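In: Starting from these lines, generate the structure:
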Amino acid sequence: MTPAGYAYGSPPAPLTAWRLLLVGAAVFLLLVFSQAWVFPLMGEQASAAEGGLVRVLYLPAYAAAFLLFAAAPGATLQALLRQPFLIALMLIVAASTLWSIAPDQTLRRVFAAYCSALGGVVLASRFRWPELAEVIAGSFAALAVIAFVVPIVMPSIGIMQEIFPGAWRGVWPEKNALGGNMALGFAAMGAAAALNPRRRLLWWGFMALALLLTLLSTSKTSLVALVMGLGGLVLVAIMRRGPATRIAVVWLAVLGVGMVAGVMLLAADLFFEVLGKDATLTGRTKIWAAAMTQIEQRPWTGYGYGVVWDDLGPWAPLASMVKEAGFTPQHAHNAWVEQWIGMGLLGLAAFALFYAQTLFLALLALFRDRGAYLAVPFLIVYSLMSITESVAVTYNDFRWVLFVTIAVKLAWPDHEVERRRA
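Out: Predicted coordinates for the structure are as follows:
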């Protein structure tokens with residue numbers, strides 16, 4: 001029976017100095033991987049892949065991940081074993097060094113990818129769902145406050161001046177980054193409110209701030225993602241009301257997905273107009289077509305993890321893609337194409353299996369675990385983002401870190417966390 005005053009499971013662990021250190025390390029890890037500091041530090045040409053200084057400044061996040069791992073190495077390894085497809089994916093990331101067009105760069109980025117994935121695994125293995133929701137929501141809350149203050153104090157940094165003038169970007173290079181991060185944050189804050197009702201007013205306030213920032217970013221895609229995340233929260237709440245309600249909701253969800261698919265197929269122009277996009281998704285389809293041309297030459301292996309978009313040689317794959325697309329892309333703008341061009345069909349299959357396992361576990365959580373309040377809305381928003389952004393198997397990116405966290409946590413129930421604390 002749930003103890004009085006707690007929405008979920010047993011009471012939280014005592015707030016000792018050691019526990020405060022671990023929570024602080026977790027929040028710090030996410031804030032560093034958010035890359036919110038890169039643009040203010042490096043300016044308009046900021047890139048997480050450029051500059052020795054930027055690479056060095058990720059080292060404290062790696063240290064935080066290793067600290068959390070050292071606090072419970074056995075639990076971390078056992079939690080990792082619950083996600084065999086993640087292990088396979090990370091092995092392929094490392095193996096791609098053997099066929100990479102720039103093996104030295106791939107090897108360096110493999111280390112960053114491993115540290116990023118480790119950050120997700122240790123968060124999942126260390127915290128129960130209510131605690132994890134507040135760690136993630138707290139990180140987003142800090143980012144929201146910073147992203148709100150910077151445009152007011154330093155509008156030259158926080159507000160776009162040339163492209164999309166007047167749109168807020170907070171502390172990221174462009175408005176879509178602010179909008180996308182706030183859409184994810186909105187979902188996480190909603191989960192924190194649902195799983196920790198004693199502090200729901202606090203989290204509702206931060207949800208309002210995340211919504212405001214999404215509107216100020218003028219990113220319609222992000223606003224759609226935020227609304228879908230809200231729909232995910234409502235879905236979980238309704239699904240937990242009883243068997244009859246669950247059946248009705250499932251049928252309505254299927255009907256809703258079918259209607260959206262019908263609009264996309266039969267009235268695509270209307271769909272793109274609502275999103276404020278053209279039929280090429282602001283040039284993304286040109287990138288995909290150019291990338292597929294290069295993939296056809298090395299479909300099984302790809303060109304190596306994390307190097308395709310940085311090889312500027314005249315005969316490199318990027319040169320051919322620039323010629324075909326008509327501009328220089330920074331990445332594939334699609335999580336699935338990104339895996340294929342970097343690690344071939346092997347890497348794409350491993351990611352697809354990892355993703356499918358995570359969705360299956362989230363579906364099960366809808367019926368039996370309140371952790372669905374965090375997992376389902378996050379996965380809805382993340383899945384939408386994966387269509388137009390390269391947010392999977394990326395190094396030093398907290399969206400991928402959070403996906404790994406949710407995926408591993410779905411396979412590592414709270415009673416395992418509590419048993420190892422006892």
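
In: check which helix or strand covers R298.
Out: For R298, there is no enclosing helix or strand under DSSP states H and E.

In: pretty sure L366 contacts M239?
Out: Yes - counting by CB atoms under 8 Å, L366 touches M239, with 5.1 Å between them. Just so you know, the C-beta spots here come from the backbone N, C-alpha and C atoms, and that holds for glycine as well.

In: For Y373, see how far away the residue lying closest to T76 once chain neighbours are set aside is.
Out: Residue nearest to T76 in three dimensions, not counting chain neighbours: S125, with 4.6 Å by CB to CB, 6 or more residues apart in numbering. The gap separating S125 from Y373 is 20 Å, by CB to CB, to the nearest Å.

In: Before we move on, what's the pLDDT of L266?
Out: Per-residue confidence (pLDDT) for L266: 46.

In: try the one 4 residues further on
Out: Turning to L270, the model gives it a pLDDT of 47.

In: next one: M259
Out: 53.

In: Then F327?
Out: With respect to pLDDT, F327 scores 85.

In: And R169, by the same measure?
Out: Value for R169, per-residue pLDDT: 94.

In: Phi, psi for it please.
Out: When read as degrees, to the nearest 10, the backbone of R169 gives phi -130, psi 0.

In: same question, A316
Out: Dihedral angles of A316 (phi, psi; degrees, to the nearest 10) stand at phi -80, psi 160.

In: measure it to G326 for me?
Out: 17 Å.

In: who's more crowded, the two?
Out: Taking neighbours as other CB atoms under 10 Å, A316 and G326 compare with A316 leading, 19 against 10.

In: what's the nearest residue to the more buried one if we skip its chain neighbours?
Out: In space, A316 comes closest to I101 once its chain neighbours are excluded; the distance is 6.9 Å by CB to CB, 6+ apart.

In: contacting residues around the one you found?
Out: Taking CB atoms under 8 Å, 6 or more residues apart in numbering as the criterion, I101 is in contact with Y303, G304, V307, V308, D311, A316, P317.

In: Neighbour-wise, give me the winner out of those residues.
Out: Neighbour counts for those (other CB under 10 Å) peak at G304, which has 28 neighbours.

In: is it fair to say it lies in a helix?
Out: No - counting by DSSP: H, G, I helix; E, B strand; the rest coil, G304 falls outside a helix, being coil.

In: Check whether it really touches A94, as I assumed.
Out: No - with contact defined as CB under 8 Å, G304 does not count as touching A94 (11.0 Å).

In: For I159, which non-adjacent residue is closest in space?
Out: P151 is the one closest to I159 (CB to CB, 6+ apart), at 4.9 Å.

In: elements contacting the helix or strand hosting the one you found?
Out: Here P151 sits within helix 129-153, counting by DSSP H and E. Applying 3 or more CB pairs under 8 Å, 6 or more residues apart in numbering; DSSP states H and E, one finds that helix 129-153 makes contact with helix 17-33, helix 103-126, helix 155-158, helix 175-195, helix 200-217, helix 372-388, helix 398-410.

In: Helix 200-217 and that helix, what's the angle between them?
Out: Orientation check (axes from the mean of the first three to the mean of the last three CA atoms, to 10 degrees): helix 129-153 against helix 200-217 gives 40 degrees.

In: Which of the residues in helix 129-153 are classified as buried?
Out: 129-144, 146-148, 150-151 (16 or more other CB atoms under 10 Å).

In: Equivalent analysis for stretch 56-66, please.
Out: Using 16+ other CB under 10 Å as the test for burial, stretch 56-66 gives Y58, A61, Y62, A64, A65.

In: can I get those in CSV with secondary structure?
Out: Shown next, in CSV, are the buried residues of stretch 56-66 (three-state DSSP):
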residue, secondary structure
Y58, coil
A61, helix
Y62, helix
A64, helix
A65, helix
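
In: can you put those in a markdown table and add pLDDT?
Out: As requested, the buried residues of stretch 56-66 are arranged in a markdown table below (pLDDT from 0 to 100):
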| residue | pLDDT |
| --- | --- |
| Y58 | 93 |
| A61 | 95 |
| Y62 | 96 |
| A64 | 96 |
| A65 | 96 |
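
In: any idea which of these is closest to F33?
Out: A61 (5.7 Å; CB to CB).

In: Please look at the closest one and A26 and confirm they touch.
Out: No - look at A61 against A26 with CB under 8 Å: they stay out of range, at 10.7 Å.

In: Between these two, which contacts overlap?
Out: By CB under 8 Å, 6+ apart, no residue touches both A61 and A26.

In: got the buried residues for the host helix or strand of A79?
Out: Assigned by DSSP H and E, A79 belongs to helix 73-81. Going by neighbour count (16+ other CB under 10 Å), the buried part of helix 73-81 is A75, T76, A79, L80.

In: For the first one, list the residues it contacts.
Out: What it means is A75. Each residue near A75 by CB under 8 Å, 6+ apart is listed here: S125, R126, E416, V417, R420.

In: Please, where are all the helices along the stretch 251-400 of the chain?
Out: Using DSSP state H, counting those that start in this stretch, the helices of the stretch 251-400 of the chain run over 268-275, 284-295, 317-325, 335-368, 372-388, 398-410.
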